[in-house]
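> sharing a sequence plus its predicted fold:
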Amino acid sequence: MRNSALLAGGVVLAVAAGCSSAPETGQWVGDLVTASDYEAVAGWVPGATSLSRDHAHSGRFADRIDAEHTFGLTFQLPLNQASVHALRGLDVEAWTYFSSLKSGGALQVQVWAHGPGQDAKPLYEEQLNLREQVTDSCHWTQVHRRFTLPDNLPGDANLRLFIWGNPSTKPVYFDDLRVKALE
């Protein structure tokens, strides 16, 4: 009986191993542009001064804006690398924590032809004003918004996402960001 159980387990492992794809074929992640709980950022991104251990929705780290950190970490990727299909929009959800009702900030979504400083203005810019969805302080609130991108954006234009706030704001924490492609 024991030998047949071991044999059956070995067959299951062999079949499961046979189902895995080869590394050279890549891994398709569906409609996910990016997701971050900010855990993997620590130690990898030099100068990530907005990364904080003060409050986190999951894990140990969250991104933070406050009087010393007007901008949080920036996600940047060419549009033609953000999705396997033409990117028509973004569905963004995240968790945010206001340390005070005087807190404020926004999730900024931009598309630049080349990059800030190289162009006079972005090709596309919209924001999710966090105060529109956060009505209380000192607890985590899930925020969500869909952004529709213009049809004429070049594939090599840079998609940028970041949180920002007024320099006089009380701390705002941002965690568990999930960005899906709308195709």
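Alright, I've got the coordinates.

> C-alpha only now, for contacts and for neighbours.
Will do.

> so Q81: helix, strand or coil?
helix (DSSP: H, G, I helix; E, B strand; the rest coil).

> for it, give me the pLDDT.
Note on Q81: pLDDT of 91.

> now W164: how far from L182?
24 Å (CA to CA, to the nearest Å).

> whoops, I mixed them up, T135
For T135 relative to L182 (CA to CA), the value is 28 Å.

> among those two, which residue is more densely surrounded?
L182 (19 against 10; other CA atoms under 10 Å).

> any idea what the more buried one is bridged to?
G89 (DSSP bridges).

> wait, it sits on H85?
No: when contacts are counted by CA atoms under 8 Å, L182 is not listed as touching H85 (9.2 Å).

> please report how far the nearest residue to T96 once chain neighbours are set aside lies from R88.
Excluding the flanking residues, the one nearest T96 by CA to CA, 6 or more residues apart in numbering is F174, at 4.5 Å. Between F174 and R88 the distance is 25 Å, computed by CA to CA.

> then P171?
Applying CA to CA to P171 and R88 gives a distance of 33 Å.

> with neighbour numbers in mind, choose between those two.
In this view P171 and R88 are compared by other CA under 10 Å, and P171 has more residues nearby, 22 against 17.

> now the more buried one: phi and psi?
Per-residue torsions, P171: phi -60, psi 140 (degrees, to the nearest 10).

> residues contacting it?
64-67, 98-100, 103 (CA atoms under 8 Å, 6 or more residues apart in numbering).

> got a markdown table for these, with neighbour count too?
Formatted as a markdown table, those follow (neighbours: other CA atoms under 10 Å):
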| residue | neighbour count |
| --- | --- |
| R64 | 29 |
| I65 | 29 |
| D66 | 22 |
| A67 | 13 |
| F98 | 25 |
| S99 | 19 |
| S100 | 15 |
| S103 | 21 |
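
> wait, T96 sits on T141?
Yes: counting by CA under 8 Å, T96 does reach T141; the two are 5.4 Å apart.

> between these two, which has more neighbouring residues?
T96 (28 against 19).

> now do the SS call for the more buried one.
Going by three-state DSSP: T96 is strand.

> how about the strands of this structure, start to end?
32-36, 51-52, 62-65, 75-78, 89-98, 106-112, 124-129, 140-148, 158-164, 172-182 (DSSP state E).

> mean pLDDT lowest where, among those?
Mean pLDDT is lowest for strand 51-52 among these, at a mean of 76.

> mind checking pLDDT for the nearest residue to K170 once chain neighbours are set aside?
Closest residue in space to K170, ignoring its immediate chain neighbours: S103 at 4.7 Å, by CA to CA, 6+ apart. According to the prediction, S103 has pLDDT 89.

> give me the pLDDT for V29.
For V29, the model assigns a pLDDT of 42.

> what does the one 10 residues further on give?
At E39, the predicted lDDT confidence score is 77.
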